[in-house]
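Student: please find the sequence and the predicted model below.
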Amino acid sequence: MINIAIAVLFLPLIGFVVTVFLGSKIKQIYFFENIIMFLSLAGAIILAFFKLSSFGDTTISSEFVWIDLGNTPLMGDIKITLGIMLDNIAVMMIVVVMLISFLVHIFSIEYMRGDPRYNRYFAYLGLFTFSMSGIVFTHNILMMYIFWELVGLSSYLLIGFWFEKKSASDAAKKAFIVNRIGDVGMFIGIMMLYNAYHTFTFDEIFYQISIGNLPFNSEFWLTVTGLLIFAGAIGKSAQVPLHVWLPDAMEGPTPVSALIHAATMVAAGVYLIVRIFGIFTADAMLIIALIGALSALIPATIALTQNDIKKVLAYSTISQLGYMIMALGVGAYTFAFFHLITHAFFKACLFLGSGSVIHGMHNEQDIQKMGGLRKKMPLTYYTFLIASLAISGIPLTSGFLSKDGILAGTFAFANLTGHWLFPIVGFFVAMLTAFYMFRVIILTFHGEPKNREKYEHAHESKFVMVMPLVLLAGLSFFFWYTPNPVNPNDGWVLSEWIKAPELYTPESTRYDFMIPDEEYISHIGTSSEMMYSEKYAEALHAAHYPAMILSLLMAGLGILTAFLFYQWKKISVDKLAERFKALYNWSLNKWHFDELYDATVVAGTVGFSRLLGAFDLKVIDGIVDGAASVTRGFSSFIGKFDNIVVDGLVNFMAYLSGFIGLIFRRFQTGKVQTYLIFVLISIVLLLFLFKSF
Amino acid sequence: MNIDSIISDLIFIKPEIAIAATLVLIVLVDLISPKSKTALPYISLLGIAIAGVFVVQQFGTAEFAFKTSLSSGMFAADDFGSFFKIIVLLASVFVIFFSISSSEIKSVNDHLGEYYTLMFGMILGMFFMVSASDLVLIFISIELLSLSSYVLAGFVKNTVRSSEASLKYVIYGGVSSGIMLFGISLIYGLTGTTNLYEINSIIQIQSFPHITFLIATLFITVGLGFKISAAPFHFWTPDVYEGAPLPITAYLSVASKAAGFAVLIRFIKITFINSIDHHGNWELLNIIDWRSIIVLLSILSMTLGNFTALWQDNLKRMLAYSSIAQAGYMLLGIAVLSDQGLTATMIYFIVYLFMNLGAFFVVMLIANEIGSEDIEDYKGLGKTMPFLGVTLAFFLLSLAGIPPTAGFIGKVVLFIALVDANMIAVAVIALLNTVVSLYYYVRVLKNLYLVQVDEEKPVIKLSFANGFVIILLAAPILIFGVYFTPIVNFAKNSINILGF
Amino acid sequence: MQLPILSLITFLPIFGMIIILALPKAQTKVIKSFTLLITGIQVILAIFIMANYNYALGGIFEEATFQFIEKWRWIDIDGFSWLGKFKVDYFLGIDGISAPLVLLTAIVTFIATISSWTINKSIKGYFALFLLLDTGMMGVFVSLDFFLFFIFWEVMLLPMYFLIGVWGGPRREYAAIKFFIYTFLGSIFILIVMIGLYFSTTEILADGTRAFTFNLLAMMDPNNATETGILSPLNPSNLRLIAYIALFAGFAVKIPMFPFHTWLPDAHVEAPTAISVILAGILLKMGTYGILRVSFPIFPEITQQLIWYIALFGMINIIYGALCAMAQRDFKKLIAYSSVSHMGYVLLGMASLNTLGVSGAVFQMFNHGIITSMLFLIVGVIYDRTHTRMLDELGGLGVKMPAYMGFVTVAFFAAIGLPGLSGFISEAFVFLGAFGEPLIRVITVISTLGIILGAGYMLWALQRVYLGKFNEKWEGIRDLDLREYAMLAPLTIIVIFLGVYPSAMLDLMNTSVNTMVQFMHDVQVHYSSLVSFK
Amino acid sequence: MLNVGLTHFLVISVTLFSFGMYGVITRKNAVMVLMGVELILNSANINFIAFAKFGNYGLQGQIIALFVIVLAAAEAAIALAIVINIYKTITNINVDEIDSLRD
């Protein structure tokens, strides 16, 4: 098992190394990368199959000592291990990653053809896949951080792949730096964990917390630690307020957006929370839920008005990730991960579909200039439609299952704790999602083409591009996950594969409903539906059907409105926009987040650095330019003095010494009699000085 | 005191006799064959060599010559004196080498006889100075030195600046020695003797009006301060150094300064000593606060010397100020008032001899070629005169005290002595002064190497003899910079002043 | 007797210098090749040293556990009534703190020699001074006698002055003198403290008598303290504190620590590429090395008192350097300020006084040496082709120079501290270690800002130079040639290798770092008992 | 008859010394300046002789005075020669105006 995992992990790296070094020599080297990806996918599937079928709930892990500082004074044994941990979540995730990665590779063969850095593109994809697998497999948080940064690198390289475009390189830079902000939080969290437990390994950290050993012996700091690590997830999963990088990241090639910025890397934040779910206190979870809710809501409202097809999808991604984060925050752990998987497939499908459209339309991304493409690109249309239905939460799709679960979770949570904000946001966003997705579909595929010329040239994409679409659309149906299209809990994914989370936090820090009642568990036995306590199970059960019906209503409402607006044109969009101009612009301008950050953080930092730079040049560089400015009056000697010495602190000293020297020079008049007067004065002074001795 | 004892005492002044004899020989040779000026330097060198042999032989003796009483005399033949005689002789040898190749001296070739005669007059004066233990002998020998050097400073008669230097020197020197003599007369009046040892034994038991004694001592200090060009008695130094012929400037800056230091040390140590403990710390009589006075003079000297040197464009003048500053450093060693400090000063002197003479010599050779001592004219010389450039840089860096030159060792030993005496504040001031000094030394380096010169000038060849002399000066600096045991030993073994 | 390998590696360049001085001026090829040969041999010697290095020995304060020791009496003068015996030892040896730096010096000097190939003015003088500099640097890292240490410390001043001043850019005179004066000023404080320590320490000689000593190891042992020495721990005064600050300031100039850093940007901007490489790659390490080797073990009790301030200055360096870097328009100046920032990590790590922090600091010294050398070489490559370093005038170069771009990416991301490249582990260790010390925890957290800012200025620079629209002005710019590959490839390999397998370096220093931490801890207790005894 | 004692001599010598100093500092003519120097030297001579006589210190004081007179003569000779020399080169012996060597 472990060997297969290692192979799955390192094969893409080999692909990267080989491709990057031979890229300029051998034109066809990208085939190698694709073969490698196929092998990795095969490995991942085998891995998942064996793990899920034969090993049940056991966690298989293996580690080796990477750095061994031995028995150190003050800090005891310091060993840093690297290792692989395989549990159900990891193997499911790796299959998702490898599958989408493989499909994106295939898709890219055609999509990227003719690019001058064709081979390098595949190399980067390989690097990304390697890094992402690292995140999935890791058994400790430092290694998580390492690969966390490495996916950041590959994301940087791929967003900025067309770095000749300033916007692309800007976006790449922005993505990396914004991510870094979150990462620093995560790193501080890691420091706190390490400081408390002297280990990075998840198991050991969990064990220590479960025996009541908290960072700085305080529940408060446990909350803080959890939130700091969550900051990493905010960055990587593009949650508010660090979401600004993701829309810009659409500057990268579209397949990259599908792989990294929709399906896998951005989901890593969710994956991280899933991994360490057990250490979050109730306070931390509330904040997580809040961030998630905001991230679900705000981008959804922005997506309503965007015209760039990829931007719409990007905001939708943030919104969906917000759902997942919110779900985790309200304790709907299993649904969050479930949504992560389903979302990965249908969002990848949407992105690749948009890629197909863009490819077909010769790099046109503005949906206002499309239209009627249904006829030209039928396969793309249908797959896109299926995926859109899935994201909107229409029955028979996978999205319906997972989204409904999340909404039910928020419902139950609200019921138990009184935080009704979350379900309200959840349902509202469900409507918005349905609306903007169908807005895209209608504007892109339905109606009359707005740009005749481009329309004429549009064509259905080649097989290698359409095949992944079809596959992913297929994965958006319910039957892969459960036999019952209305209840995911009947399916194998939720009932067998995703287990209820283990909690390690002290019970005093949890929500009441998350404190398991012993007899209940012994009575029922653990099953995913019956997490935490009886109270919770009942609430969830009660929420299930109301939530389903309500969500269906909201989705239907959204779709209907979209048709009213765009297909049947019953309501004039322009007029509406005119009437609510402020709101419209607010949405169109993405809530002015970018401007806000530019004006505050970026301008502040850059301005401050300029200031410091000038400060460094002018002030520090001459602690007394204060004295220097006084001396500037003596321009007669400064002019001469510049030859001798310099400015700055050195300068000051020079000026000062020069000044002293100047005074001393005054004595040297050249008149011997004056000298003698000085000598006499000196004698008198000396006498005066020493007479009292 | 009778004739017999005077004659028998002559063996203690064998070196002086050799010098005097050479002086006479030079006069005679010059009279007999006025044409053959080329022989004179060699005769001089021979005389110095003989004197040198005598001086070396005298190491280890500790006797009074010309006794005025049972336990004291006018002249103390001791290792301390011999040490400074060696310094003087070494300086003389090099200055004679300088004189041979100096274009200034060549211009007065007809008067070379007088030149060497006067130089030996100086040597003779210095020899007596460093051994004199009687204020009268001190005064007379200082006058002998001064009178010869007044003339030598203006030896290149036809140039204005040489004459001016000479005039200033003689007036300034005359007044200084007058003041000193007045001070001596006051001491004589108070104690009835001019012998340092006797003064010491008298002031040990008797008390005197403090002000009078202070005035007398300060007056004497003026005369000595003039010789060692310590601030605030230094005013003549830059003008005379700039105006005098370069070999003489070099000579004044080393030899005559060394003699002045020897007198000052002897004067302080013999006259004011109360006791010396087993660590070699001098316990002085509670009359004059010598430590404060010397610290004051020393800080003043180095600060003034260094800071004013920053402004100099004439390299000779800059070196004049630098030598004032160097005197300040050496005074620090005396200020410690211990054998350790004394040793440090003596070690510094050995090093100073080589580096200062070396710097002056290179400046002279460059002036011979380009006819200027102006720093601005040094631009790009590093290329046209590679050897001179490198060696000048080396000497200047040694003066600044950068390892691995002997200049560094000199300073380190000095600072060790200061720190051991807990004079840390003084040490810090001195160290900060070395930073200032770096400015102007490096400025020369900058002009030599860093400044771009557009025109290509041909490389100027250096004669083998001059190169050899430079190496003779530079090699010890490097060698002693890395392995300084010999100079430390030499100085350490020479601190014995007669009577202690 | 074993081979005096440390003397060999230290004085080999001097030998080379003498040979070069004897060679005729016109034989530039020979001079260059010969220098390359000398530095190459140095690398081989360094590797030989590493191969024979015993990882189990700690060093730091115990002579017996130092390796490749050479100890001869250099100066030995008896019979001073005031001192007794004056002695200075020629005492070389390495431990886990100095070994990485010896290796670093050998490697960086070798690379810098290759980079010096483009020097075309006074070649003979250049390489002679270059080799002299080499000796000075190597000497600092191997000497264990303070006097010797100081001499080596000063010896490299002068060649550096000339190398910047003669072969530098337009404002080279200014930069050179600034460097010279700053460093000289710093070393003066070192000198005075050195003398103070000399009088506070005696050492038992072979014949059983005691003598004052410059031996650094003897100074570390409080049992050697004299009763009356001014810097003796037995002497209840705050002079030790003042001396510590003076010594620290002396070393801080070299690091360079804020506010003593202003010489650095000027020196870097004006110096030729190879000299910038040496300056940033090796010289800066001397400051932090000095603190680790001298200040910390000799003044452990003061160090403990002041770690908050050391960490504070580390933090200021990190953030201030990063912000200044961001404001620069000159590529080289930007890299120079990045050094200020990166050396801040070293200070922060040292202040932690625990294994993780100190390992991180030493490792960061090595890594920064390698990474910053790469960065300066990268700037040099551009400057050779375009003769400008202004960020705004470049742009889009990545298109035309793909191979170069690969190295650039590695170097920049290594500087950012990307995992998988060597900078990451050292920075992470510094932070983890510093966070482990409660006193400086808050400072550590604030310092993590440096991670963001570092990414900020580096990527911004990357974008302005290599990404974006290609500036047509540089049409016809060529990719790397073989020589440039030879400079960049080895460094890249080191960066990646140590990123993946940091133990290679960490194991080398580990025992010593642990010894050091233990020693600092134990001896602090000891010192405090001394003071309370008083 | 006035009883002449040590004090009188000392007053004279101090006066002489001061006059000498004053002359050195104020006179413009180099020869006059040199005269001032002579006065200073001779004021010391008076001291020596007076101290020798009134302090009963033997003949040493008088002998010293003789030495000083000789030295003063030598110095005067040399100084005058130098003054002549400077007169030859710049035809001016005004000490005040000879200041080409200066900072």
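Tutor: Yep, that arrived.
Student: identify the residues contacting the closest residue to residue B:78 other than its chain neighbours.
Tutor: Using Cβ to Cβ, 6 or more residues apart in numbering or on different chains and skipping residues adjacent in sequence, the residue nearest residue B:78 is residue B:498, 4.0 Å away. No exception for glycine: its C-beta is placed from N, CA and C like everyone else's. Contacts for residue B:498 (Cβ atoms under 8 Å, 6 or more residues apart in numbering or on different chains) come out as B:62, B:63, B:64, B:76, B:77, B:78, B:80, B:133.
Student: doesn't residue B:498 fall inside a helix?
Tutor: No - counting by DSSP: H, G, I helix; E, B strand; the rest coil, residue B:498 is not found in a helix; it is coil.
Student: how far away is it from chain D?
Tutor: Distance from residue B:498 to chain D, counting by Cβ to the nearest Cβ, to the nearest Å: 21 Å.
Student: quick revisit: scan the contacts of residue B:498 and report the most crowded one.
Tutor: Most neighbours among the contacts of residue B:498, by other Cβ atoms under 10 Å in any protein chain shown: residue B:133, with 31 neighbours.
Student: list the contacts for that residue?
Tutor: Counting by Cβ under 8 Å, 6+ apart, residue B:133 makes contact with B:64, B:72, B:73, B:74, B:75, B:76, B:195, B:196, B:197, B:266, B:270, B:498.
Student: quick one, phi psi at it?
Tutor: Residue B:133 adopts backbone torsions of phi -120, psi 20, taken as degrees, to the nearest 10.
Student: tell me the confidence at it?
Tutor: For residue B:133, the model assigns a pLDDT of 92.
Student: now do the one 10 residues further on
Tutor: Looking at residue B:143, its pLDDT stands at 95.
Student: point me to the residue of chain D nearest chain A.
Tutor: Chain A sits closest to residue D:102 of chain D, with a gap of 2.6 Å, by Cβ to the nearest Cβ.
Student: find the nearest non-adjacent residue to that residue, please.
Tutor: Once flanking residues are discounted, residue D:102 sits nearest to residue A:670: 2.6 Å by Cβ to Cβ, 6+ apart.
Student: how much space between the one you found and residue B:227?
Tutor: Separation of residue A:670 from residue B:227 (Cβ to Cβ, to the nearest Å): 22 Å.
Student: and residue A:666, by the same measure?
Tutor: The spacing between residue A:666 and residue B:227, counted by Cβ to Cβ, is 25 Å.
Student: which one of the two is surrounded by more residues?
Tutor: With neighbours defined as other Cβ under 10 Å, residue A:666 and residue B:227 compare such that residue B:227 has more, 28 against 10.
Student: what about whichever residue of the stretch 301-450 of chain B sits closest to chain A, how many neighbours?
Tutor: The stretch 301-450 of chain B approaches chain A most closely through residue B:307 (3.8 Å), counting by Cβ to the nearest Cβ. Other residues lying near residue B:307 total 26 when counted by other Cβ under 10 Å.
Student: what packs against the helix or strand harbouring it?
Tutor: In the assignment (DSSP states H and E), residue B:307 maps to helix B:290-309. On a contact count with 3 or more Cβ pairs under 8 Å, 6 or more residues apart in numbering or on different chains; DSSP states H and E, helix B:290-309 meets helix A:648-667, helix A:672-690, helix B:315-335, helix B:424-445.
Student: now do the buried residues in the longest one.
Tutor: Of the residues in helix B:424-445, B:424, B:426-445 count as buried by neighbour count, 16 or more other Cβ atoms under 10 Å in any protein chain shown.
Student: low-confidence regions, chain C specifically.
Tutor: Counting by pLDDT under 70, the ranges of chain C that qualify are C:1, C:530-534.
Student: hmm, residue D:97 and the residue nearest to residue D:102 touching each other?
Tutor: No - taking contacts as Cβ atoms under 8 Å, residue A:670 lies outside contact range of residue D:97: 9.9 Å.
Student: residue 356 in helix, strand or coil?
Tutor: I went with chain A, as the question did not name one. Counting by three-state DSSP, the backbone at residue A:356 sits in helix.
Student: should've been chain C
Tutor: Residue C:356 ends up helix, using three-state DSSP.
Student: okay, now the closest residue to it other than its chain neighbours: neighbour count?
Tutor: Spatial nearest neighbour of residue C:356, excluding adjacent residues (Cβ to Cβ, 6+ apart): residue C:433 at 3.3 Å. Residue C:433: 31 surrounding residues under other Cβ under 10 Å.
Student: residues contacting residue C:433?
Tutor: Residue C:433 neighbours (Cβ under 8 Å, 6+ apart): C:349, C:352, C:354, C:355, C:356, C:357, C:358, C:359, C:360.
Student: again, only using 7 Å
Tutor: Contacts for residue C:433 (Cβ atoms under 7 Å, 6 or more residues apart in numbering or on different chains) come out as C:349, C:352, C:354, C:356, C:357, C:358, C:360.
Student: could you verify my assumption that residue C:93 touches residue C:65?
Tutor: No - contact between residue C:93 and residue C:65 fails when scored by Cβ atoms under 7 Å: they sit 9.4 Å apart.
Student: so where's the stretch 151-300 of chain A shaky on pLDDT?
Tutor: Under the criterion pLDDT under 70, no range of the stretch 151-300 of chain A is flagged.
Student: equivalent analysis for chain B, please.
Tutor: B:1.
Student: how about the residues of it that lie near chain A?
Tutor: With Cβ under 7 Å from any Cβ of the partner chain as the criterion, chain B meets chain A at residues B:168, B:171-172, B:175, B:211, B:214-215, B:218, B:222, B:232-233, B:235-236, B:238-239, B:288-289, B:292-293, B:304, B:307-308, B:310-311, B:436, B:439, B:443.
Student: give me the buried entries from the residues you listed.
Tutor: By neighbour count, with 16+ other Cβ under 10 Å, the residues of chain B next to chain A hold B:168, B:171-172, B:175, B:214-215, B:218, B:222, B:232-233, B:235-236, B:238-239, B:288-289, B:293, B:304, B:307-308, B:310-311, B:436, B:439, B:443 as buried.
Student: what about residue C:403, how many residues close to it?
Tutor: 13.
Student: regarding it, what is its secondary structure?
Tutor: Per three-state DSSP, residue C:403 ends up helix.
Student: how about it, what does it touch?
Tutor: For residue C:403, the contacting residues are C:479, C:480, by Cβ under 7 Å, 6+ apart.
Student: then residue C:345?
Tutor: Per Cβ under 7 Å, 6+ apart, neighbours of residue C:345: C:318, C:364, C:427, C:430.
Student: next, work out how far apart residue A:138 and chain B are.
Tutor: As judged by Cβ to the nearest Cβ, residue A:138 and chain B stand 54 Å apart.
Student: write out the residues of chain D neighbouring chain B.
Tutor: Checking chain D against chain B by Cβ under 7 Å from any Cβ, the hits are D:17, D:20, D:24, D:30, D:33, D:37, D:40-41, D:43-44, D:47-48, D:51, D:55, D:57, D:61, D:64, D:67-68, D:71, D:74-75, D:78-79, D:82-83, D:85-86, D:89-90, D:95, D:98, D:100-103.
Student: hmm, which of the residues you listed are the buried ones?
Tutor: Among the residues of chain D next to chain B, those classed as buried by 16+ other Cβ under 10 Å are D:17, D:20, D:24, D:30, D:33, D:37, D:40-41, D:43-44, D:47-48, D:51, D:57, D:61, D:64, D:67-68, D:71, D:75, D:78-79, D:82-83, D:85-86, D:89, D:95, D:98, D:101, D:103.
Student: give me the subset of those that lies in helices.
Tutor: D:17, D:20, D:24, D:30, D:33, D:37, D:40-41, D:43-44, D:47-48, D:51, D:61, D:64, D:67-68, D:71, D:75, D:78-79, D:82-83, D:85-86, D:89 (DSSP state H).
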